[in-house]
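K.L.:
fold the following, please.
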Amino acid sequence: MSDEVLVERRGAVQVITINRPQARNALDAAVARAVADAVDELDATDELRAGVLTGAAGFFSAGMDLKAFLRGETPAIEGRGLCGITRTPPRKPLIAAVEGGALAGGFELVLACDLVVAGRGARFGVPEVKRSLVAAGGAALLLPQRVPRALALELLLTGDPMDAERAAAAGLVNRVVDDGTALDAAVALADVIAANGPLAVAATKQVVLSAPSWGTEEAWDRQDEIVRPVFGSEDAREGSTAFAEKRPPVWRGR
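P.N.:
Presented below is the predicted three-dimensional model:
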């Protein structure tokens, strides 16, 4: 991995840290490729059950590196979106641990994550309209799916940020914690998820993300296609057996 993106394992949790503090963790092509490689590793590694995405030095990300943009670089990956996750998020759960600002493309990375843990001083915003740009990296599409449309439009059309408490009240942030503790709190949340059956977790995420595009008539059949293999898996039998035997389950992912 590039030094601009640090990747570590904390048990069954992968931690991905955007590491460009001198540029407020702005996103350039090298960061994009490294984040994409990291989430590919997350999905491909059986021992990893969940991921956490964060930024170094108390700041999540200021979004696209405009200097790199003027050099012809882009933090988008063809067919996969910003940093390889806004159009094609990982199969396994990904949690954003936000300190400081998550702005523009940085906010769009947050929206590509499944859960959000934020320090009390965190700010979330899409200021693109202030530069006569459009938040086309995911915010205009994804934000109205995460918060009420009126709030999404306020953020997108004014370009002004909101704080962590308002984001939590709107349902965007799962947990607000003391500044400086978002990463540890996000890893703790990821540990809870990682202790569950990996097949069931992945299938649940797939249903939740796919359901909005399903018609009413097909939704139950489409869900059944995804969850039927889980109910017939070794892990499902292990979960029931472990419950009956009053012991922790041992998941094998099959």
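K.L.:
isn't Gln14 up against Ala44?
P.N.:
No - using Cβ atoms under 8 Å, Gln14 makes no contact with Ala44, being 10.9 Å away. Where C-beta positions appear, they are placed from N, C-alpha and C, glycine not excepted.
K.L.:
higher neighbour count, those two?
P.N.:
Neighbours per residue, other Cβ atoms under 10 Å: of Gln14 and Ala44, the larger number sits with Gln14, 28 against 11.
K.L.:
what helices and strands are in contact with the host helix or strand of the more buried one?
P.N.:
Gln14 belongs to strand 13-18 when assigned by DSSP states H and E. In terms of contacts (3 or more Cβ pairs under 8 Å, 6 or more residues apart in numbering; DSSP states H and E), strand 13-18 is packed against strand 5-10, helix 29-44, strand 50-55, helix 182-194.
K.L.:
name the residues that touch the helix or strand following the third one?
P.N.:
I take that to be strand 50-55. Toward the C-terminal end, the helix or strand that comes next after strand 50-55 (DSSP H and E) is helix 66-70. With contact meaning Cβ atoms under 8 Å, 6 or more residues apart in numbering, helix 66-70 is reached by Ala26, Asp28, Ala29, Pro75.
K.L.:
about what we covered before: name the strands paired with the strand holding Gln14 and say parallel or antiparallel.
P.N.:
Partners of strand 13-18 in the sheet, by DSSP bridges, are strand 5-10 (antiparallel), strand 50-55 (parallel).
K.L.:
compare those and give me the one nearest Val134.
P.N.:
strand 50-55 (23.5 Å; Cβ to Cβ).
K.L.:
circling back: out of the contacts of helix 66-70, who has the most neighbours?
P.N.:
Ranking the contacts of helix 66-70 using other Cβ under 10 Å puts Pro75 first, with 27 neighbours.
K.L.:
now distance to Ala118 and mean pLDDT too, for the helices and strands packed on strand 13-18, in TSV please.
P.N.:
Listed next are the helices and strands packed on strand 13-18 as TSV, based on distance: least, Cβ to Cβ, whole Å; pLDDT from 0 to 100:
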stretch	distance to Ala118	mean pLDDT
strand 5-10	19	98
helix 29-44	19	98
strand 50-55	11	98
helix 182-194	6	98
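K.L.:
okay, these in CSV with distance to Ala169 next?
P.N.:
Below are the helices and strands packed on strand 13-18 laid out as CSV (distance: least, Cβ to Cβ, whole Å):
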stretch, distance to Ala169
strand 5-10, 30
helix 29-44, 29
strand 50-55, 23
helix 182-194, 18
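K.L.:
tell me the domain boundaries of the protein?
P.N.:
5-194, 198-245 (automatic domain parsing).
K.L.:
what's the most buried one of the ones you listed?
P.N.:
domain 5-194 (a mean of 20; mean count of other Cβ atoms under 10 Å).
K.L.:
show the end-to-end separation of that one, please.
P.N.:
23 Å (Cα to Cα, to the nearest Å).
K.L.:
circling back to that earlier point, just the closest of the contacts of helix 66-70 to Phe59, please.
P.N.:
Distances from Phe59 to the contacts of helix 66-70, taken by Cβ to Cβ, are shortest for Ala26, at 9.9 Å.
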